[in-house]
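*Asks:* Show me the folded form of this:
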Amino acid sequence: MEDWIVRSLRSPLELEVRRAQKKIVIRAETEPHQVIPALLRNYGNEDLRVREGVRRALSTIAATGTGKASILDEMVNPSKMVRNGLQSFLNDEIGTHAATYASLYEQTMLTMVMAQQKEIPVDDIASLADQSRRVLQSGEVMRAVRDIAYCLDLVKHRYRSSEQYKDYVTDVLKMAPDLARMGVYKSTIEEPLHKAMKALRDRRYDEAKGIVGLRTRESQLIAALGRLERAVMENVPARPQPPEELHSEDRELLFRLEELIASFTSMAPEDRHEDAVIELLEFLTSPMASPSRLTWRRRIESKDLSALFTLYAIGLASAKLAAAVLPQAAEDIYQRELRPLVGEVSIHTVRWPDHFLDAPPPSEADVPNAPADGGSI
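*Replies:* Numbers count the residues shown, from 1 in each chain. This next block holds a predicted model:
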């Protein structure tokens with residue numbers, strides 16, 4: 001296969017090269033672990049035409065989520081040439097930090113294998129390393145680099161700590177005969193040994209669990225935001241204008257959105273990143289804000305102006321809020337789903353849709369189980 005790839009991409013006929021690239025991409029969908037290593041081995045091929053053809057083929061493969069995941073699988077390929085080709089591709093395609101990530105990931109996996117051979121628990125580190133790959137695929141490169149660097153530091157520290165415990169036990173056992181001859185009681189020797197063995201056996205290894213939980217919620221937020229923005233793109237043909245009168249359901253939903261925006265603006269995202277992620281995720285996954293909710297979906301499908309405006313306002317505001325905590329992922333979703341509708345070049349330059357902030361709060365008649373004392377909802 002590799003010989004055919006090189007020979008086809010070296011062809012002087014541009015039509016033949018394009019056909020070969022198309023076949024390579026199709027073949028990579030069914031046999032990624034044969035095609036992708038062959039491409040990466042030739043990423044630095046001395047023939048310029050081959051290098052360019054390989055780069056275009058890999059870029060096309062990486063354009064899909066499954067293709068990018070298959071390429072990242074080669075970070076631990078046994079062949080150093082494949083790993084070097086992958087790092088060069090990530091450097092050219094995404095940037096220097098992506099190549100750094102691949103190098104750190106390779107070191108982390110190698111150290112984890114060594115730790116597992118010593119029966120050192122690394123399940124929490126493996127979970128965080130796996131989650132960091134998803135973060136990288138979502139576009140949050142620097143966050144992924146920080147996570148994988150933490151994984152590497154953590155597994156090294158855990159490996160060294162385990163070795164230190166074992167060295168301590170070994171040293172005490174070696175000294176035991178001499179200590180016994182000097183009159184040291186056996187129980188005096190056994191006590192520190194029992195303590196060391198108990199500490200080694202019972203020690204909890206969960207330093208990475210907190211970050212794993214946060215990254216999982218971030219992934220859920222990205223997925224929920226993607227679903228919402230796809231619903232906007234599929235149902236809102238043009239940028240809607242505020243209707244003369246909002247439906248009671250829509251007034252309540254926009255009122256909840258206004259509360260969410262106020263909460264976001266009152267916190268510093270860098271200081272309360274996790275709180276912000278959780279708050280936005282809870283809003284987007286609540287039944288009220290789901291475009292699949294039966295009553296809202298029926299009004300959206302019937303092109304009800306109030307429902308379409310509310311869907312657009314929530315989609316745009318949610319993307320703006322997400323950009324404060326997951327800037328690259330929110331930008332990617334905006335470019336893919338909302339930019340044709342909104343028109344601005346970036347979610348970070350989009351102005352707040354402030355026209356819906358003046359929507360009146362829902363009355364008690366509109367809100368089920370409203371507080372009897374008229375308190376906040």
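*Asks:* Can you give the domain ranges for the protein?
*Replies:* The chain breaks down by automatic domain parsing into domains covering 1-93, 95-207, 209-356.
*Asks:* Make a markdown table from those and add mean neighbour count and mean pLDDT to it.
*Replies:* All C-beta spots, glycine's among them, are computed from the backbone N, C-alpha and C. Shown next, in a markdown table, are those (neighbours: other CB atoms under 10 Å; pLDDT from 0 to 100):
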| stretch | mean neighbour count | mean pLDDT |
| --- | --- | --- |
| domain 1-93 | 17 | 90 |
| domain 95-207 | 16 | 76 |
| domain 209-356 | 17 | 85 |
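*Asks:* Please list all residues in contact with the residue nearest to Gly53 when sequence neighbours are not counted.
*Replies:* Of all residues not flanking Gly53 in the chain, Leu9 sits nearest, at 3.4 Å (CB to CB, 6 or more residues apart in numbering). Contacts for Leu9 (CB atoms under 8 Å, 6 or more residues apart in numbering) come out as Val17, Ala20, Gln21, Asp47, Arg49, Val50, Glu52, Gly53, Val54.
*Asks:* In strands only, show me those.
*Replies:* Judged by DSSP state E, the subset of the contacts of Leu9 located in strands is empty.
*Asks:* Of those residues, which is the nearest to Ser346?
*Replies:* Closest approach to Ser346 among the contacts of Leu9 (CB to CB): Glu52, at 29.8 Å.
*Asks:* Contacts only, for the closest one.
*Replies:* Under the criterion of CB under 8 Å, 6+ apart, the neighbours of Glu52 are Leu9.
*Asks:* Next: Gly67.
*Replies:* Gly67 neighbours (CB under 8 Å, 6+ apart): Ala28, Glu29, Pro32, Thr60, Ile61.
*Asks:* With secondary structure as added columns, please give those residues in CSV.
*Replies:* Output for those, formatted as CSV (DSSP: H, G, I helix; E, B strand; the rest coil):
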residue, secondary structure
Ala28, helix
Glu29, helix
Pro32, helix
Thr60, helix
Ile61, helix
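*Asks:* Tell me which two in those residues are the farthest apart.
*Replies:* Taking CB to CB, no two of these sit farther apart than Pro32 and Thr60, at 13.0 Å.
*Asks:* Now distance to Ala238 too, for the contacts of Gly67, in TSV please.
*Replies:* As requested, the contacts of Gly67 are arranged in TSV below (distance: CB to CB, whole Å):
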residue	distance to Ala238
Ala28	38
Glu29	36
Pro32	40
Thr60	32
Ile61	35
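*Asks:* which one of those sits closest to Leu311?
*Replies:* Closest approach between those and Leu311, by CB to CB: Thr60, at 33.1 Å.
*Asks:* my read: that closest one touches Ile26, true?
*Replies:* No: contact between Thr60 and Ile26 fails when scored by CB atoms under 8 Å: they sit 10.2 Å apart.
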